[in-house]
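*Asks:* Sequence plus predicted model, see below.
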Amino acid sequence: MSTIQKIDSDLVNIPKEDAFTTLNLGPTHPATHGIFQNVLTMDGEIIRDAVPTVGYIHRAFEKLAERRPYNQITPITDRLNYCSSPINNMGWHMTVEKLIGATLPKRVEYMRVIIMELARLADHIVCNSVIGVDTGALTGFTYLFQHREKIYEIYEEICGARLTTNIGRIGGFEREWPQRAWEKIEQFLLEFPPALKEFEKLLVRNRIFMDRTIKCGPISAEKALSYSFTGPNLRAAGVDYDVRVFAPYSSYEDFDFIIPVGTQGDTYDRFMVRQEEMWQSLSIIRQAIQKMPSEGGFHADIPDFYLPPKEEVYNNMEALIYHFKIVMGETEVPVGEVYHCVEGANGELGFYLVSDGGRTPFRLHFRRPCFIYYQAYPEMIRGGLLSDAILTMSSMNIIAGELDA
Amino acid sequence: MASKDDSKGMNNQAQANEKLPALLVSAFGEDITEASINHGIPVFTVHRNAYRKVVEFLFNLEEMPFRFLTDITGIHLPDNKDDLGVICHLHCLTSNVRLRIKTFVTTSDSHVDSLTPLFPGANWMERETFDFYGIHFKGHPNLTRILNMDDMLIHPLRKEYPLEDQSRKDKNDAMFGR
């Protein structure tokens, strides 16, 4: 398949303009895993041009955020990249903490690292196993999805929710992690690596899988940079840009990990980069558990933003005032503007926040990685086959919620 | 090890924070209307006519070429004379330095140069900014709406369109009990 992918256009007898077929791929095509429309101009089986339409599930998050107090914006961020909500939640908390100048105990930062790496694992499990499905290998998907379920159970122990987690608060976590959460993380660290190894055995050196993915939807490093690619897609093209290293947040500088890079920027490289990142995430989680300080609590001491415990609210005047102010959204936020970014599962997730001192942000903009790199999609699939276009899309990890915000 | 790269990057940012404002002011003079350091990164407000030239200058800067466009977005400040703003975040990956550039236009004349010739990735970011704020980017190949429907008449993120008041009583919505 890949051999006929790049047919030299001079050698092919190109038919006249009206001989091209227009094909609507989407908006609700089962193979695109979400609401994506692409109007394709086809020459037989070969794609000559593509025009993507986005915005089908646009929910005006940036406008909504302008009416919500800071702590009520966390649920909005859940719905960006819903495969890894905790990363979005943490990114948002850190943005506000940067604005108010809060410092967190090391223990909270390490707990955040654990939950963010679990989210990255969950996201990469979805993406990579779906690449398998799109090449026709459903087995790996069914095996790995069991373990994503285990990650969701860990979320559930910590915050009670599974998909749209709303995990953590500005200044820390809502409560101490229960013992069962730690046990489940330990169990996950024990059970997941063999499954991941098995998954790799199934696909990594599989002749069919390699034929199908190598040289499928490639992009060069220069092109990827000029299109502002970030995350695994940029690293697959060979650029070792990772926010966790370039602008460490939440004590990522304390951990030892490798940034895997690819060379071709094709589907296989994107798959392999994610695969290696999963191993690195597992190692980061192990390091965080090992280095976890026993003291420090689960939140920072910022009474203006962090809800006091209930028993104090009922018995203590000051706590009652803080509780009231936070719940009614009367907290005073300093005037300022910040940009904070975290390494989301599919790239640099940025929050540009402008505060005029009011109870809500004056302006909040989400830098959504897949909105930015999806614009290169037509260029990546041009000259390829329709089946490769499907595969390219799933390997780019485009999440509709994040794309349309 | 992550920590080594980090300390190097931080030093570069600190050096750039000292150097860049003087460098830009000497190159563009009056066109740089404001230069400051905000939460560790330099922020420049530039005159709308110089916006593209400043970005181009930074793009071609020898010691730290700002070749990575992080983000373009807009802002509406209804109380200001120049009420619409374009905010652009640039990143120099080789020395790990970030900066922010702002330029302001008015609602009645909201034209500013497009960055698409420098960064193909600016295409959708500028379309999004046009869609929500009605800022026109000169030289953009396809300046149409992107997230909202094509026949929408307003630019919804402007402050004159407030979100619906949750306490309004003039609506009778049987489904949601208002």
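*Replies:* Done, it's in.

*Asks:* Only C-alpha atoms from now on, for both contacts and neighbour counts.
*Replies:* Will do.

*Asks:* The nearest residue to residue A:98 once chain neighbours are set aside: neighbour count?
*Replies:* The shortest distance from residue A:98 to any non-neighbouring residue, by CA to CA, 6 or more residues apart in numbering or on different chains, is to residue A:338 (7.4 Å). Here the number of neighbours of residue A:338 (other CA atoms under 10 Å in any protein chain shown) works out to 19.

*Asks:* need the contact list for residue A:338.
*Replies:* A:95, A:98, A:99, A:351, A:352, A:353, A:354, B:38, B:39 (CA atoms under 8 Å, 6 or more residues apart in numbering or on different chains).

*Asks:* Is it possible to mark the buried ones in these?
*Replies:* A:95, A:98, A:99, A:351, A:352, A:353, A:354 (16 or more other CA atoms under 10 Å in any protein chain shown).

*Asks:* you'd agree the fifth one is up against residue A:340?
*Replies:* Yes. Because the distance of 6.7 Å satisfies CA atoms under 8 Å, residue A:352 is recorded as touching residue A:340.

*Asks:* Kindly provide the distance from residue A:252 to residue A:261.
*Replies:* 19 Å (CA to CA, to the nearest Å).

*Asks:* So for these two, which sits in the more crowded spot?
*Replies:* Neighbour tally, residue A:252 and residue A:261, criterion other CA under 10 Å: the higher count belongs to residue A:261, 24 against 20.

*Asks:* got the contact list for residue A:148?
*Replies:* With CA under 8 Å, 6+ apart, residue A:148 has these contacts: A:121, A:122, A:125, A:126.

*Asks:* does it sit in a helix, a strand or a coil?
*Replies:* At residue A:148 the chain is in helix, as set by DSSP: H, G, I helix; E, B strand; the rest coil.

*Asks:* same check, this time on residue B:33
*Replies:* Strictly by three-state DSSP, residue B:33 counts as strand.

*Asks:* List the buried residues in stretch B:96-111.
*Replies:* B:96-107, B:110-111.

*Asks:* Let me know the closest of the buried ones among the contacts of residue A:338 to residue A:214.
*Replies:* Using CA to CA, residue A:351 comes nearest to residue A:214 of the buried ones among the contacts of residue A:338, at 34.6 Å.

*Asks:* Which secondary structure element is home to the closest one?
*Replies:* For residue A:351, the host element (DSSP states H and E) is strand A:347-355.

*Asks:* Can I get that strand as PDB, trimmed to CA atoms?
*Replies:* What follows is strand A:347-355, C-alpha atoms only, in PDB (Å, rounded to 0.1, in the frame of the first residue of the first chain):
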ATOM      1  CA  GLY A 347       0.900  18.600  22.700                       C
ATOM      2  CA  GLU A 348       1.400  21.900  24.400                       C
ATOM      3  CA  LEU A 349      -1.800  22.800  26.100                       C
ATOM      4  CA  GLY A 350      -1.700  26.500  26.900                       C
ATOM      5  CA  PHE A 351      -3.900  28.700  29.000                       C
ATOM      6  CA  TYR A 352      -3.700  32.400  28.300                       C
ATOM      7  CA  LEU A 353      -5.500  34.100  31.200                       C
ATOM      8  CA  VAL A 354      -6.200  37.900  31.600                       C
ATOM      9  CA  SER A 355      -7.700  39.000  34.900                       C
END
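
*Asks:* Return the distance of the residue nearest to the spatial centre of chain A relative to chain B.
*Replies:* Centroid check for chain A by CA atoms, centre = their mean gives residue A:345 as the closest residue, at 3.0 Å. Separation of residue A:345 from chain B (CA to the nearest CA, to the nearest Å): 17 Å.

*Asks:* same question, residue A:380
*Replies:* From residue A:380 to chain B the distance is 14 Å (CA to the nearest CA).

*Asks:* What number of residues are in the vicinity of that residue?
*Replies:* 21.

*Asks:* got a list of what the closest residue to it other than its chain neighbours touches?
*Replies:* Spatially, and ignoring its direct neighbours in sequence, residue A:380 is nearest to residue A:217 (5.0 Å; CA to CA, 6+ apart). By CA under 8 Å, 6+ apart, the residues touching residue A:217 are A:265, A:266, A:267, A:380, A:381, A:384, A:388, A:389, A:392.

*Asks:* Which residues of chain B lie near chain A?
*Replies:* Residues of chain B lying near chain A by CA under 8 Å from any CA of the partner chain: B:1-3, B:5-6, B:9, B:38-39, B:67-71, B:73, B:75, B:93, B:96, B:119-125, B:146-149, B:156-157, B:163.

*Asks:* before we move on, which element is residue B:147 in?
*Replies:* Counting by DSSP H and E, residue B:147 is found in no helix or strand.

*Asks:* So what's the residue count around it?
*Replies:* 22.

*Asks:* ok, now the one 5 residues further on?
*Replies:* A total of 10 residues lie near residue B:152 under the criterion other CA under 10 Å.

*Asks:* Now do it, the pLDDT please.
*Replies:* pLDDT for residue B:152: 90.

*Asks:* Please state the backbone phi and psi of it?
*Replies:* phi -70, psi 140 (degrees, to the nearest 10).

*Asks:* Residue A:218 now?
*Replies:* Dihedral angles of residue A:218 (phi, psi; degrees, to the nearest 10) stand at phi -80, psi 160.

*Asks:* Who are the contact partners of the nearest residue to it once chain neighbours are set aside?
*Replies:* For residue A:218, ignoring the flanking residues on the chain, the nearest one in space by CA to CA, 6+ apart is residue A:266 at 3.9 Å. Residues near residue A:266 by CA under 8 Å, 6+ apart: A:213, A:214, A:215, A:216, A:217, A:218, A:219, A:236, A:237.

*Asks:* switch to 7 Å and redo it
*Replies:* Residue A:266 makes contact with A:214, A:215, A:216, A:217, A:218, A:219 under the criterion CA atoms under 7 Å, 6 or more residues apart in numbering or on different chains.

*Asks:* Likewise for residue B:138?
*Replies:* Residue B:138 neighbours (CA under 7 Å, 6+ apart): B:111, B:112, B:113, B:114.

*Asks:* same check, this time on residue A:275
*Replies:* Applying CA under 7 Å, 6+ apart, no residues qualify as near residue A:275.

*Asks:* Give me the pLDDT for it.
*Replies:* 95.

*Asks:* host element of it?
*Replies:* Applying DSSP H and E, one finds residue A:275 within helix A:267-291.

*Asks:* Relative to the whole chain's centre, how far out is that helix?
*Replies:* 14 Å (CA atoms, centre = their mean, to the nearest Å).
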